[in-house]
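Undergrad: pasting the structure only:
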């Protein structure tokens, strides 16, 4: 019986922690800081991907 109570308490704690994490995860739009993005070399000869019909 002790193990069942312990497992139920652990499940309740996990559910509460998940809800708290979802509420405070900070999921929002964040603008890109273009000064931190590395420059990529330009590839002059790119070929389109082949498609199979």
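TA: It's in. Just so we're clear, the structure is a prediction, and the values are computed from it rather than from any experiment.

Undergrad: Could you measure from the residue nearest the centre of the chain over to residue 34?
TA: For the chain, the residue nearest the mean C-alpha position is residue 27 (9.1 Å; CA atoms, centre = their mean). Counting by CB to CB, to the nearest Å, the gap from residue 27 to residue 34 is 22 Å. To be clear about C-beta, it is placed using only N, CA and C from the backbone, and glycine gets the same treatment.

Undergrad: where does this structure dip in pLDDT?
TA: Low-confidence segments of the chain (pLDDT under 70): 41-50, 52-53.

Undergrad: If we use 80, what do you get?
TA: 25-29, 40-53 (pLDDT under 80).

Undergrad: which residues of it fall in helices?
TA: Applying DSSP state H to the chain gives helices spanning 2-23.

Undergrad: circling back: measure the residue nearest to the centre of the chain to residue 12 for me?
TA: Counting by CB to CB, the gap from residue 27 to residue 12 is 24 Å.

Undergrad: if we can go back for a sec, would you check how far apart the residue nearest to the centre of the chain and residue 11 are?
TA: On the measure of CB to CB, residue 27 and residue 11 end up 25 Å apart.

Undergrad: Residue 19 now?
TA: From residue 19 to residue 11 the distance is 13 Å (CB to CB).

Undergrad: what do you get for residue 35?
TA: Counting by CB to CB, the gap from residue 35 to residue 11 is 46 Å.

Undergrad: more crowded one of the two?
TA: residue 11 (10 against 5; other CB atoms under 10 Å).

Undergrad: ok, how many other residues are close to residue 1?
TA: 5.

Undergrad: try residue 39
TA: Around residue 39 there are 5 residues (other CB under 10 Å).

Undergrad: Start at 22, not 1
TA: Okay, residue one is now 22; in that scheme the one you just asked about reads as residue 60.

Undergrad: Now the phi/psi pair for it, please.
TA: Per-residue torsions, residue 60: phi -70, psi 140 (degrees, to the nearest 10).

Undergrad: For it, give its distance to residue 53.
TA: Taken as CB to CB, the span from residue 60 to residue 53 is 14 Å.
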